[in-house]
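**Q** next one to model:
(one chain, ligands or ions: 1)
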Amino acid sequence: MADLKGQVALVTGASRGIGSVIAQYLGEAGVNVGVNYVASEDAASRVVDAVTKAGAEAVLVPADVSQEAEAKAAVKQVVDRWGRIDILVNNAGITRDRLLLRMSAEDWDRVLDVDLRGAFLCTKYVMPHLIRRRQGRVVNISSVVGIGGNPGQANYAAAKAGLIGFTKAVAREVASRNVTVNALAPGFIDTGGMVDTMSEEARQNVLGRIPMGRFGSGSDVAQAVVFLCGEGAGYITGQVLIIDGGLIA
Ligand code: NAP
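**A** The predicted structure follows:
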C-alpha cells in the first residue's frame with residue numbers, strides 16, 4: 001500500500017455506507033481524501049476525523065454531484081487544497097425503486113442524474129488533472145443490478161449499466177495517458193442501509209442465493225478500490241470487478 005502514500009482522492013458519497021469505508025481505507029493507505037456528501041455533514045465530519053486518525057489528511061467537500069457547477073467546484077476544492085488529484089471514486093448513488101408502470105419520470109431522472117450524470121461530471125472535471133500528470137485512477141461503483149437487472153429498479157439498473165459502458169469508453173480514451181478506469185459491481189453489501197431494512201424472511205431468502213452465505217461488507221468493496229488504485233493494478237483498465245460472494249457467478 002506504500003505506493004499510494006501522499007496521493008489525493010475525491011470520494012463521492014463518502015459520508016455514509018460504502019463510500020465512508022472507501023475513504024477510511026484510502027486514508028489508511030496514506031491517501032489524502034476529499035470527503036464528498038450532499039446532506040449529511042455531521043456524518044461526513046466523522047469520516048474526515050477517521051481518515052485523519054488513520055494518518056492522512058481529509059477535507060469536507062459538500063456538493064450535489066448531479067449539478068455541473070457543484071461537481072466542478074468539488075474537484076477544484078480538492079485540487080486547490082492539495083495541488084493535485086490522483087484518484088476519483090464515483091460512489092455517490094441513490095435508489096428510487098418502483099415497478100416500471102408506477103415509476104414516474106422524476107424517479108427515472110433523479111436516479112440517472114445522481115448515479116450516472118454525477119459520475120460523468122466528476123470524471124470530466126478530474127480527468128484533465130490525471131492526463132496532465134500521466135497518472136491516475138478512476139473507480140466507478142456500479143452494481144450487479146447493472147449486469148443482471150432487478151424488478152423495481154429499472155432506473156437504477158439503467159444507471160448502473162450505463163456506468164459500465166461509460167467506464168469502458170473512458171478507459172479506452174485515456175489508456176495511452178496511463179490513466180485507468182474500472183468499475184466495481186457489488187452485490188448485497190451490508191453497511192446499515194438497504195440490507196438492514198429487509199425483513200428477516202427477505203434476508204434469509206437473499207442469503208440463500210449467495211454462495212458464500214453472507215452479505216458483503218464495506219471493506220470487501222473498499223479493499224478492491226485500494227487494489228485498483230495501487231501500482232499493481234496499473235495494467236488493468238476498462239474492467240468490471242464483481243464483488244458479490246458468488247451471487248451471479
Ligand atoms: P448510502 O449508504 O445510501 O450512501 C449514499 C451516499 O451517496 C451518501 O454519502 C450520500 O450523501 C451520497 N449522495 C447521495 N446523493 C448524492 C448527490 N446528489 N451528490 C453527492 N452525494 C450524494 O449508499 P451505499 O449503500 O453505501 O451505496 C454506495 C454506492 O454503492 C452507490 O453507488 C450504490 O448504488 C452502490 N451499491 C451499493 C450496494 C449495497 O448493497 N449497499 C450494492 C451495489 C452497489 P448524504 O449522506 O449527504 O446524503
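**Q** nearest the geometric middle of the chain, what residue?
**A** For the chain, the residue nearest the mean C-alpha position is Asn91 (2.1 Å; CA atoms, centre = their mean).
**Q** so that residue makes contact with Ile22?
**A** Yes. Between Asn91 and Ile22 there is a contact at 6.2 Å, judged by CB atoms under 8 Å. In this view, the C-beta of every residue, glycine as well, is placed from N, C-alpha and C.
**Q** which residues of the protein lie near the ligand?
**A** 12-19, 36-40, 43, 64-66, 91-94, 114, 118, 141, 143, 186, 188-189, 191, 193-194 (CB under 6 Å from any ligand atom).
**Q** so how do I select the buried members of the residues you listed in ChimeraX?
**A** Buried subset of the residues of the chain next to the ligand, written as a ChimeraX selection, criterion 16 or more other CB atoms under 10 Å:
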select :12,13,14,15,16,17,18,19,36,37,38,40,64,65,66,91,92,93,94,114,118,141,143,186,188,189,191
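**Q** all the strands of the protein, in order from the start?
**A** Applying DSSP state E to the chain gives strands spanning 8-11, 32-37, 58-62, 87-90, 136-141, 179-186, 240-243.
**Q** for Glu70, find the nearest of those strands.
**A** Proximity to Glu70 (CB to CB) singles out strand 58-62 among those, at 8.2 Å.
**Q** what's the separation between Val11 and Ala44?
**A** As judged by CB to CB, to the nearest Å, Val11 and Ala44 stand 10 Å apart.
**Q** and for Glu231?
**A** 29 Å.
**Q** so which of those two has more stuff around it?
**A** Ala44 (25 against 9; other CB atoms under 10 Å).
**Q** per-residue confidence averaged over the longest helix seen in the chain?
**A** When the chain is parsed with DSSP state H, its longest helix is helix 154-174. Averaged across helix 154-174, pLDDT comes to 99.
**Q** same for it, what does it pack against?
**A** Under the contact criterion of 3 or more CB pairs under 8 Å, 6 or more residues apart in numbering; DSSP states H and E, helix 154-174 touches helix 105-112, helix 118-133, strand 136-141, helix 145-148, strand 179-186.
**Q** other SSEs contacting the shortest one?
**A** Think helix 145-148. Other elements packing on helix 145-148 under the criterion 3+ CB pairs under 8 Å, 6+ apart are helix 154-174.
**Q** what's the angle from the helix it packs on to strand 136-141?
**A** With axes from the mean of the first three to the mean of the last three CA atoms, to 10 degrees defining the directions, helix 154-174 sits at 160 degrees from strand 136-141.
**Q** I'd like to know how many residues surround Leu101.
**A** Leu101, neighbours per other CB under 10 Å, totals 5.
**Q** go on, Ala224?
**A** Neighbours of Ala224 (other CB under 10 Å): 21.
**Q** so it makes contact with Leu241?
**A** Yes. In terms of CB under 8 Å, Ala224 counts as a neighbour of Leu241; the distance is 5.8 Å.
**Q** what is in contact with the two at once?
**A** Counting by CB atoms under 8 Å, 6 or more residues apart in numbering, the shared contacts of Ala224 and Leu241 are Leu184.
**Q** how close does Asp107 sit to the ligand?
**A** Note on Asp107: its distance to the ligand, by CB to the nearest ligand atom, to the nearest Å, is 14 Å.
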